[in-house]
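**Student:** Here is a sequence with its predicted model. Questions after.
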Amino acid sequence: MKERENFGSRLGFILVSAGCAIGLGNVWKFPYICGQYGGAAFILIYLVFLAILGLPIIICEFAVGRGSKTSIAKSFDILEPIGQKWHHFKWIGVIGCYLLMMFYTMVCGWMMYYAYLMITGQMVGLSADGVVSVFNHMLASPGTMIFWMVLATLLSFGCVALGLKNGVEKITKVMMILLLLMMIVLAINSIRLNNASAGLRFYLIPNLDTIRQNGIGTAVFAAMTHAFFTLSVGIGAMSIFGSYLDDKRKLTGEAISIVLVDTFVALTAGLIIIPACFAYNVQPDSGPSLLFITLPNIFNHMTAGWIWGTLFFIFMTFAAMSTVIAVFEAIVAANMELTGWDRLKSVKVNIVALILLSLPAILGFNLWSGFVPLGEGTGIMDLEDFLVSYNLLPLGSLVFVLFCTRKNGWGFQNFIAESNKGEGINFPKAVQTYMTYGLPLIIVIVYLKGYYDMFVGMGTKVLAFWMCVAFIFLGFIFYSSKDHKK
């Protein structure tokens, strides 16, 4: 049997795993919702939920990966007691990784395209309408989006083809270090802008009036939801890196390092965006309009704005591509274990597969724009994002937690023993009750709240239908995780 690959360094493991966790939501959403729900007060609530929600789930994924020394494709098969059915849940991870990449490769291509536009000066001097026109023209041009999606796919799979140490670790480590340096430079530039102090106050000073206005419950749910989704847990994209980890370090300390890097990126993204928006009297938006319309307009008003715009979209390219490379590694590893293929064959097959699978999301913005799967104004990308973000991530996370705590699963004692191998911070045994009952309950609440928020504006009948669907999925998870020994 071929020896399992391992990371070459602890820093490599932390930066690659952090690269997987750091996604576009850190920049698209976090600064906006942070200001919306009271600035620093929201940040404190968010950090609490990172500690009690995100951190234990990521440790569960790492423990399952390291304990099995395999990807999500085989880990449950290896660790489950004889006669149990946990191995059926591997398809949540395998399908989730593919679904995520079916639109994430496209968005990574958007970042590369805008970096190209900035570098070549094609955004310089455009009016506000001109900036909007560039974005709309890109969405209406399937050829443009396909080219940049294919380029992002080839570059990322090329990295994976080189192997764990020489490809994924070495290249991602360089990208992440450059990403962090560029963010610091961009943040310093933003806070030095005229009138940036108003943005800093909005972002960093607790505003209890804002929280009261929106409702403390709404702010808590927003913090809980973002803390859950920011770490990319639930589909085995993290467990694959746990499987490459040796036993020298305990998992809690490694997970804390990754959470801190992820949080640093989210907070620094706010320091880049919010002061710049306030300096130019622009309302900070959330989503694609922030990145592709609001910020290019701001860069056009800055001195040497094309330089700052170029740096920003290179940083965004690195943030997107680090996630793509990490998930591609999970996909390739799963294929190798399920089929017996070597790494190169798995890469070649999946290059073709992911390019073809990424086409519907692209065509959903133009040739297939008449298809509105989730109601007016939605497209194929929205459907794919809904399946991943609102279903597979929370349900997969629930499975990992139940598997690590239930007696008919891997069990809490095995989980603790694996987590606490080596040097570093122990995972406390005292949280067993919370892990067994409290954490699954929080995940279920996040899951149902996500469905409610998604469909509440579509009428009572539509909401009732989709909430029934959510309960059916949850029922299937809990029924399938019951003890099946006769």
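**Tutor:** Structure received. As the structure is a prediction and not an experimental result, all values here were calculated from the model.

**Student:** what about Phe465, neighbour count?
**Tutor:** Neighbour count of Phe465, defined by other C-beta atoms under 10 Å: 12. Heads up, the C-betas are built off the backbone N, CA and C, glycines and all.

**Student:** now Gly340
**Tutor:** Residues near Gly340, counting by other C-beta under 10 Å, number 9.

**Student:** cool, and Arg406?
**Tutor:** 18.

**Student:** do Leu231 as well
**Tutor:** Applying other C-beta under 10 Å, we find 29 residues neighbouring Leu231.

**Student:** Quick check, it in contact with Asp262.
**Tutor:** Yes. Distance between Leu231 and Asp262: 6.4 Å, which falls inside the contact criterion (C-beta atoms under 8 Å).

**Student:** shaky segments in the stretch 251-400 of the chain?
**Tutor:** The model of the stretch 251-400 of the chain has pLDDT under 70 over residues 285-287.

**Student:** What segments of it are helices?
**Tutor:** Listed in chain order, the helices found in the stretch 251-400 of the chain under DSSP state H, counting those that start in this stretch are 251-279, 288-289, 295-301, 305-339, 343-363, 380-387, 393-405.

**Student:** Identify whichever of these lies nearest to Met111.
**Tutor:** With C-beta to C-beta as the measure, helix 305-339 is the member of those nearest Met111 (4.3 Å).

**Student:** next one: the closest one to chain centre, how far?
**Tutor:** The offset between the C-alpha centroid of helix 305-339 and the centroid of the whole chain comes to 11 Å, using C-alpha atoms, centre = their mean, to the nearest Å.

**Student:** Make 48 the first number, not 1, from now on.
**Tutor:** Shifting the count to begin at 48 puts that one at helix 352-386.

**Student:** and the angle from it to helix 298-326?
**Tutor:** Per axes from the mean of the first three to the mean of the last three C-alpha atoms, to 10 degrees, the angle that helix 352-386 makes with helix 298-326 is 150 degrees.

**Student:** Which strands or helices does the helix or strand where Tyr145 lies pack on?
**Tutor:** In this structure, Tyr145 sits in helix 137-166 according to DSSP states H and E. Using 3 or more C-beta pairs under 8 Å, 6 or more residues apart in numbering; DSSP states H and E as the contact test, the elements touching helix 137-166 are helix 119-126, helix 175-186, helix 189-208, helix 352-386, helix 390-410, helix 427-434, helix 440-452.

**Student:** for the helix or strand Gln260 falls within, packing partners?
**Tutor:** Assignment of secondary structure by DSSP H and E places Gln260 within helix 255-261. The criterion is 3+ C-beta pairs under 8 Å, 6+ apart, and the helices and strands that helix 255-261 contacts are helix 87-96.

**Student:** list the buried ones in the helix it packs on?
**Tutor:** Applying a neighbour-count criterion of 16 or more other C-beta atoms under 10 Å, the buried positions in helix 87-96 are 88-90, 92-94, 96.

**Student:** coming back round to it: among the helices of the stretch 298-447 of the chain, which is nearest Phe54?
**Tutor:** With C-beta to C-beta as the measure, helix 298-326 is the member of the helices of the stretch 298-447 of the chain nearest Phe54 (10.6 Å).

**Student:** and the closest one, which residues are buried?
**Tutor:** When neighbours are counted by 16+ other C-beta under 10 Å, the buried residues of helix 298-326 are found to be 298-306, 308-326.

**Student:** what's it packed up against?
**Tutor:** Helices and strands touching helix 298-326, as assessed by 3+ C-beta pairs under 8 Å, 6+ apart, comprise helix 57-68, helix 72-75, helix 77-83, helix 102-115, helix 217-238, helix 243-251, helix 342-348, helix 459-466.

**Student:** So which of the ones you listed has the densest surroundings on average?
**Tutor:** Neighbour counts (mean count of other C-beta atoms under 10 Å) averaged over each of those peak at helix 102-115, with a mean of 26.

**Student:** Which strands and helices lie in contact with that helix?
**Tutor:** Using 3+ C-beta pairs under 8 Å, 6+ apart as the contact criterion, the neighbours of helix 102-115 among helices and strands are helix 119-126, helix 286-290, helix 298-326, helix 440-452, helix 459-466, helix 486-502.

**Student:** Show me what the first one is in contact with.
**Tutor:** What it means is helix 119-126. Outside of helix 119-126, the residues within contact range by C-beta atoms under 8 Å, 6 or more residues apart in numbering are 111-112, 114-115, 117, 133-134, 136-137, 140-141, 282-283, 286-287, 290, 377, 380-382, 384-385, 450, 457, 461.

**Student:** Which among those residues count as buried?
**Tutor:** Burial by neighbour count, 16+ other C-beta under 10 Å: within these this picks out 111-112, 114-115, 117, 133, 136-137, 140-141, 282-283, 286-287, 290, 377, 380-382, 384, 450, 457.

**Student:** hang on, the earlier thing: which residues are common contacts for Leu278 and Asp309?
**Tutor:** Both Leu278 and Asp309 are contacted by Ala68, under the criterion C-beta under 8 Å, 6+ apart.

**Student:** Tell me what angle the helix holding Tyr145 forms with helix 427-434.
**Tutor:** An angle of 140 degrees separates the directions of helix 137-166 and helix 427-434 when computed by the same axes, to 10 degrees.

**Student:** ok and helix 137-166 relative to helix 440-452, angle-wise?
**Tutor:** Following the same axes, to 10 degrees, one obtains 130 degrees for the angle between helix 137-166 and helix 440-452.

**Student:** What strand or helix carries Pro253?
**Tutor:** Applying DSSP H and E as the criterion places Pro253 outside every helix and strand.

**Student:** Without its sequence neighbours, what residue ends up closest to it?
**Tutor:** Of all residues not flanking Pro253 in the chain, Ala88 sits nearest, at 3.8 Å (C-beta to C-beta, 6 or more residues apart in numbering).

**Student:** In contact with that neighbour, which residues?
**Tutor:** Taking C-beta under 8 Å, 6+ apart as the test, what Ala88 contacts is 253-255, 257-258, 266.

**Student:** let's go with 10 Å and repeat that
**Tutor:** Contacts for Ala88 were tallied using C-beta atoms under 10 Å, 6 or more residues apart in numbering; they are 81, 252-255, 257-258, 263, 266, 270.

**Student:** what's Gly417 sitting at in phi/psi?
**Tutor:** In terms of degrees, to the nearest 10, the main-chain angles of Gly417 are phi -70, psi -10.

**Student:** ranking the contacts of Ala88 by neighbours, who comes first?
**Tutor:** Using other C-beta under 10 Å as the neighbour test, those are led by Cys81, with 27 neighbours.

**Student:** quick one: that one from Tyr484, how far?
**Tutor:** Look at Cys81 and Tyr484: by C-beta to C-beta, to the nearest Å, they are 30 Å apart.

**Student:** what's the answer for Asn254, then?
**Tutor:** Distance from Asn254 to Tyr484, counting by C-beta to C-beta: 35 Å.
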